[in-house]
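Chemist: Below are the sequence and a predicted model for it; my questions follow.
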Amino acid sequence: MPIEKMKQFKNKYAPKGSFRAHVLTLTGGTAIAQAVVLLASPLLTRFYPPQQFGEFALFMAFVSVLSVIATGSYQLAINIPKEDNSAFQIFLSVIALAMAFSLLCLLLIAFGYQWASLFFHIPVKSLFMIPLGIAVVGCSEAVNYWLIRANQFQALAIRRIVQYAVMVMTQIVGGIFHWGALGLIGGYLLGQLAACTFLGEFIFQGAKQSFAKGGAHWSTHFVRFREFPFFSMPSRLVNTFSDQIPNFLINQFFGSLVLGMFTLPIRYLDAPIALIARSVQDVFKERASRDYRETGTCTDIYMKTLRALAVIGIFPFALIFVMAPLAVPFIFGEQWAPAGRITQVLTVMFYFRFVAQPLTYVFTVVEKQNYNLAWQCILALVVTGAFMISVWLNNITVGIMYYSAGYSIMYLWSILWGFRLADGKKSS
């Protein structure tokens, strides 16, 4: 009986093929995938010491930044053309760009790996894995956008589960056989490859039908969508780089051990926050866009969403703040005790992130994306300044405190700025 009622509720509020059904499918798949990672975490943190997690974080920092450059953000254009064959040519172009850029990086590393290893304090083996990471992330991005275009949200959800399941299993095997940081890196790469391979047949079956129709030469798409590498890519690059600045600076001046401690709370708190933020934002964007289009203001839904997030977040984040110093060493192992104190310091930042992230879509609603880019640039300066102070004082704790405070102030500014923009037409 309860199952029957759940089905009736789903059919009423999220019928098959509807926007809400797609959101539920993706959110469910992402939640399962992240649950796999969270459940395996206490095991992984006992297999791998903080230093190896730090090396993995540095690898991911390089891959995250360079993969934005590699694709030129052309994957964002996959959903735009009406013709499937044009979209598939863009899809292949993104993969080709990622492969070409990764080969270029491999050549540069081959010639300068000794200097790069010494300058960036990264092991040579991890350094040579970066080009492969760029290639698989570029391919993964292309696959994601192609599946979204094809409305294959269930396949996309399955893809995420396969990716994280393979990643975790490989990392556990790597821990058992003492592969070091390469176990974490290899697990990540194999997870991405498995997810792409898992859906490869589906994608290329659709490709045959698309290519059979012919169409414009692939080079015309580079010209048509040139605004993506010129405008979208810089914005995404600034955003990604500002996220990764702490990883580069901490590793450079305090070492991979401290970096591993710093990334633990970010690794395991950021994912659930991002999941909730995406789900709330999906609801917020529809209502905010409609209200702004019809009335010239979306203040009402902005304030309702703001109040709801602020109230919902207080208790769990207060609990994390109080319990982190005891809970972290108990869950992840005694060697991770310093990460508990770091988690406590970062809790304030995570609370404001939880509240602010879904509301940032208001910049898109009112067509003020340039404001968001300016915010990202200022944030990058604030984050850099926080850690440069810690380098000057030779005290990483001070740097993390300034980092948390700086981020919190920037999120508060984003909330206030967003409210002003939400009421833009009305106030003008």
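Modeler: Perfect, I can see it now. Numbering: from 1, shown residues only.

Chemist: Okay, domains of this protein per the record?
Modeler: For the chain, automatic domain parsing gives the domain ranges 18-225, 234-428.

Chemist: Dump those into a markdown table; add mean neighbour count and mean pLDDT as well.
Modeler: Placement of C-beta: from N, CA and C, glycine included. Shown next, in a markdown table, are the domains of the chain (neighbours: other Cβ atoms under 10 Å; pLDDT from 0 to 100):
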| stretch | mean neighbour count | mean pLDDT |
| --- | --- | --- |
| domain 18-225 | 19 | 85 |
| domain 234-428 | 18 | 87 |
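
Chemist: and after whichever helix or strand Arg293 is part of, which helix or strand comes next?
Modeler: Using DSSP states H and E, Arg293 sits in helix 256-295. Downstream of helix 256-295, the first helix or strand assigned by DSSP H and E is helix 299-332.

Chemist: quick one on the thing from earlier: so the helix holding Arg293 versus helix 299-332, what angle?
Modeler: 160 degrees (axes from the mean of the first three to the mean of the last three Cα atoms, to 10 degrees).

Chemist: what's near enough to touch Leu381?
Modeler: Shown in contact with Leu381 (Cβ atoms under 8 Å, 6 or more residues apart in numbering): no residues.

Chemist: if I look at it, how far off is Leu269?
Modeler: Going from Leu381 to Leu269 by Cβ to Cβ, to the nearest Å gives 24 Å.

Chemist: and what of Ala61?
Modeler: Separation of Ala61 from Leu269 (Cβ to Cβ) stands at 18 Å.

Chemist: for Leu190, same thing?
Modeler: Applying Cβ to Cβ to Leu190 and Leu269 gives a distance of 25 Å.

Chemist: Ok, Trp375 next?
Modeler: The gap separating Trp375 from Leu269 is 22 Å, by Cβ to Cβ.

Chemist: Cross-check the contact I'm expecting between Ile245 and Gln376.
Modeler: No: using Cβ atoms under 8 Å, Ile245 makes no contact with Gln376, being 11.6 Å away.

Chemist: Spell out which residues are contacts of both of the two.
Modeler: With Cβ under 8 Å, 6+ apart, Ile245 and Gln376 have no common neighbours.

Chemist: Need the three-state assignment for the closest residue to Gly313 other than its chain neighbours.
Modeler: Excluding its sequence neighbours, the residue lying closest to Gly313 (Cβ to Cβ, 6 or more residues apart in numbering) is Phe354, at 4.7 Å. Classification of Phe354 using DSSP: H, G, I helix; E, B strand; the rest coil returns helix.

Chemist: Leu275 versus Phe354, what's the distance?
Modeler: Shown here: Phe354 relative to Leu275, a distance of 11 Å by Cβ to Cβ.

Chemist: Return the residues in contact with Ala57.
Modeler: Ala57 neighbours (Cβ under 8 Å, 6+ apart): 247, 251, 256, 259-260, 263, 267.

Chemist: What helix or strand is His178 located in?
Modeler: Applying DSSP H and E, one finds His178 in no helix or strand.

Chemist: tell me the phi and psi of it?
Modeler: Main-chain torsions, His178, degrees, to the nearest 10: phi 60, psi 50.

Chemist: how far away is it from Pro49?
Modeler: His178 is 11 Å from Pro49, by Cβ to Cβ.

Chemist: where do the contact lists of those two overlap?
Modeler: With Cβ under 8 Å, 6+ apart, His178 and Pro49 have no common neighbours.

Chemist: for Ser102, what are its contacts?
Modeler: Ser102 neighbours (Cβ under 8 Å, 6+ apart): 70, 131-132, 134-135, 138.

Chemist: Can you tell me the closest non-neighbouring residue to Val328?
Modeler: Gly340 (3.3 Å).

Chemist: could you list every residue that touches that neighbour?
Modeler: Contacts of Gly340 (Cβ under 8 Å, 6+ apart): 324-329.

Chemist: export those to a markdown table and tack on distance to Leu147?
Modeler: Formatted as a markdown table, those follow (distance: Cβ to Cβ, whole Å):
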| residue | distance to Leu147 |
| --- | --- |
| Ala324 | 37 |
| Pro325 | 42 |
| Leu326 | 42 |
| Ala327 | 37 |
| Val328 | 36 |
| Pro329 | 41 |
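
Chemist: In contact with Ser126, which residues?
Modeler: Neighbour list for Ser126: 55, 58-59, 181-182, 185 [criterion: Cβ under 8 Å, 6+ apart].

Chemist: quick one: the helix or strand containing it to helix 256-295, angle?
Modeler: Per DSSP H and E, Ser126 falls inside helix 124-149. Here the directions of helix 124-149 and helix 256-295 differ by 20 degrees (the same axes, to 10 degrees).

Chemist: Helix 124-149: how far from the chain's middle?
Modeler: 13 Å (Cα atoms, centre = their mean, to the nearest Å).

Chemist: Show me what the next helix or strand after that helix is packed against.
Modeler: Sequence order places helix 153-176 as the next helix or strand after helix 124-149, per DSSP H and E. For helix 153-176, the helices and strands in contact under the criterion 3 or more Cβ pairs under 8 Å, 6 or more residues apart in numbering; DSSP states H and E are helix 19-47, helix 124-149, helix 181-198.

Chemist: could you redo the last one with a cut-off of 10 Å?
Modeler: Secondary-structure packing of helix 153-176 (3 or more Cβ pairs under 10 Å, 6 or more residues apart in numbering; DSSP states H and E): helix 19-47, helix 50-71, helix 124-149, helix 181-198, helix 200-212.
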